[in-house]
Structures are given as C-alpha cells and as structure tokens.
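Asks: structure, please.
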Amino acid sequence: MLKSLHGNVALLVAVRFVFTREVPYARRLLSTRITGSKTGKGAGMSAKTDAAKPARRKPKRIEEVVQYALGHKLRVEILILLNQGIFTSAELAELLDDLPVNNVQNHLRKMLEEGAIEIAKEDRKSNVVTYWYKAREIPEYSQEVAEAMTTLEQQMTVGAILQSGVAEELAGLYHGKLRDPRSCLYWDWFHVDQEGREELEAHTLRYLEGARKIEAKAANRRARSTEDSTSMLLKLSVFERARKAPTKPGRPEA
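Replies: Numbers count the residues shown, from 1 in each chain. Below you'll find the predicted structure:
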C-alpha cells in the first residue's frame with residue numbers, strides 16, 4: 001500500500017469531506033490525472049490571442065500559486081474541470097455556461113504564468129496554435145520516495161494536491177453540494193504519541209482502501225442495473241497542526 005506525504009506526524013488534524021458533484025468524475029488518490037483528449041468545439045486560437053506559454057520570470061512560492069488559483073470562483077471551476085481531463089480554452093468556455101472565451105483565456109494565461117496549471121499539448125496549423133490545458137501532474141509516491149525528496153519538492157507536491165482538493169471543496173460549496181444533509185463534514189485535532197500517530201496513519205490507509213472497495217462493489221451493482229453513478233468526493237488529510245493546540249474539554253490532556 002502506497003502512503004501519501006501526510007504520514008507519520010506527531011500532532012494530527014483530520015479533515016473529512018464527502019459531497020456529490022454535478023459533473024460525473026472519479027479521481028484516484030494522488031494518482032496521475034486522466035488525460036484523454038477532448039475534442040468537442042475546441043476551436044483553434046491565434047497564438048497572439050490564446051493563453052500561450054508564459055515568459056520566464058522569477059517563480060512564486062507554491063503557497064502563493066495555490067492562493068491565487070483558489071481566489072476566484074471561475075478559476076476554481078476551471079481547476080475542477082482540469083481535474084477531469086484536458087481542455088482547450090474554447091471547450092472550457094462552453095462547459096462554463098458559454099462564458100466569453102476571452103474571459104476564460106485571461107484566467108488561463110495568468111494561471112499558467114503562476115504555475116497553477118500546465119499545457120498538455122499544442123496543435124499548430126499555419127498561424128493558428130491551439131493549446132490544451134491540464135491540472136498539475138500528481139503521481140503516486142511511496143513513503144521512501146517522498147522522504148527522499150527535497151523540502152521544496154515535498155512542498156510543491158503537497159501544494160498541487162491541496163490546490164486540486166480544495167478547488168473541489170469550494171466548487172461543492174458554490175454549487176450547494178455541501179449543504180446536502182447526506183454530506184459528511186468534519187474536522188478536529190487529536191493529541192497522540194508516536195504509537196498513536198502510527199495507528200492513525202494505518203487507520204487512514206484502511207479507510208481509503210475501504211472506499212475503493214465500496215466503489216468497486218457499486219460498479220458491479222450498476223453493471224447489473226440501469227442506475228447511474230453519483231460522483232462523490234472524499235478528501236482526507238492527516239498532518240501536524242501548524243500551531244500547538246489546546247486541550248478540548250472532555251478530551252485527553254495534550
């Protein structure tokens with residue numbers, strides 16, 4: 001079982017969100033994104049007007065990149081669509097209730113400059129260049145590989161994970177999915193020792209493996225019925241809190 005970068009911590013904060021989404025889509029934890037080509041109405045754009053590759057400049061910290069990407073509702077909507085696959089600016093504009101393409105391109109250009117998204121591929125025909133955009137790649141890492149990373153590599157990786165996950169949560173809030181009484185929202189902190197954090201890590205992995213088994217059983221049932229699937233988002237974070245937390249009433253001493 002591969003572990004995420006959030007394993008082995010001293011003071012833990014557990015966050016769990018489950019909600020439905022309008023756009024059918026499923027994503028494996030920390031896995032490489034679906035990058036199947038989308039066709040549709042992805043009209044080619046002039047290289048002078050489309051969000052082309054950004055000029056080189058001093059890179060921003062990943063914290064600033066994530067903050068910018070999540071700071072506007074339209075960018076959040078773009079991010080969750082790019083979580084699903086790759087799209088041109090014209091395709092994104094169509095999916096976003098036929099917004100003006102120029103408006104979408106402006107956000108894409110800035111997100112690309114900031115490093116929040118990437119170019120998946122490009123197609124050049126005469127003087128017209130069409131770009132397909134994608135979310136930042138997040139491969140699955142073993143604990144050993146994660147520990148061998150530099151601090152910057154670790155921060156970049158968790159920033160990309162956080163950006164994609166929080167975008168899904170914000171979109172759920174915007175679309176009213178979080179207020180569904182069937183949704184499950186919870187966060188808390190827990191004071192544990194070395195053995196306790198190892199137990200929490202193992203419990204988290206069992207929880208995620210259980211969710212995958214539930215999905216597989218649901219797929220088998222749907223294969224024998226006409227029931228459509230519902231896209232549920234599960235986000236689970238376990239990490240050391242940024243500040244030492246006080247003891248809550250009725251809970252063990254820190």
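Asks: give me the nearest residue to Glu199, chain neighbours excluded.
Replies: Distances taken as Cβ to Cβ, 6 or more residues apart in numbering place Val192 nearest to Glu199, at 7.8 Å, with adjacent residues excluded. The C-beta positions use only the backbone N, C-alpha and C, and glycine is treated the same way.
Asks: doesn't Arg206 lie inside a strand?
Replies: No - checked against DSSP: H, G, I helix; E, B strand; the rest coil, Arg206 lies outside a strand; its state is helix.
Asks: point out where the stretch 1-150 of the chain drops to low pLDDT.
Replies: The stretch 1-150 of the chain contains residues with pLDDT under 70 at 1-57.
Asks: please redo it, this time with the cut-off set to 50
Replies: Residues of the stretch 1-150 of the chain meeting the criterion pLDDT under 50: 1-49.
Asks: now do the helices in it.
Replies: Along the stretch 1-150 of the chain, counting by DSSP state H, counting those that start in this stretch, helices occupy 62-69, 73-84, 89-95, 101-114, 143-148.
Asks: and the second one, what does it pack against?
Replies: Going back to what we said before, that points to helix 73-84. Secondary-structure packing of helix 73-84 (3 or more Cβ pairs under 8 Å, 6 or more residues apart in numbering; DSSP states H and E): helix 62-69, helix 89-95, helix 101-114, strand 117-125, strand 128-135, helix 151-174.
Asks: what's the neighbour count on Ala146?
Replies: Ala146 is flanked by 19 other residues according to other Cβ atoms under 10 Å.
Asks: among the helices of the stretch 1-150 of the chain, which is nearest Gln163?
Replies: For Gln163, the closest of these is helix 62-69, at 4.6 Å, according to Cβ to Cβ.
Asks: residues making contact with the closest one?
Replies: The contact list for helix 62-69 (Cβ atoms under 8 Å, 6 or more residues apart in numbering) reads 60, 75-76, 79, 110-111, 114-117, 155-156, 159-160, 162-163, 166-167.
Asks: mind putting the helices of the stretch 1-150 of the chain in JSON lines, distance to Tyr186 included?
Replies: Converted to JSON lines, the helices of the stretch 1-150 of the chain look like this (distance: least, Cβ to Cβ, whole Å):
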{"stretch": "helix 62-69", "distance to Tyr186": "23"}
{"stretch": "helix 73-84", "distance to Tyr186": "22"}
{"stretch": "helix 89-95", "distance to Tyr186": "31"}
{"stretch": "helix 101-114", "distance to Tyr186": "31"}
{"stretch": "helix 143-148", "distance to Tyr186": "26"}
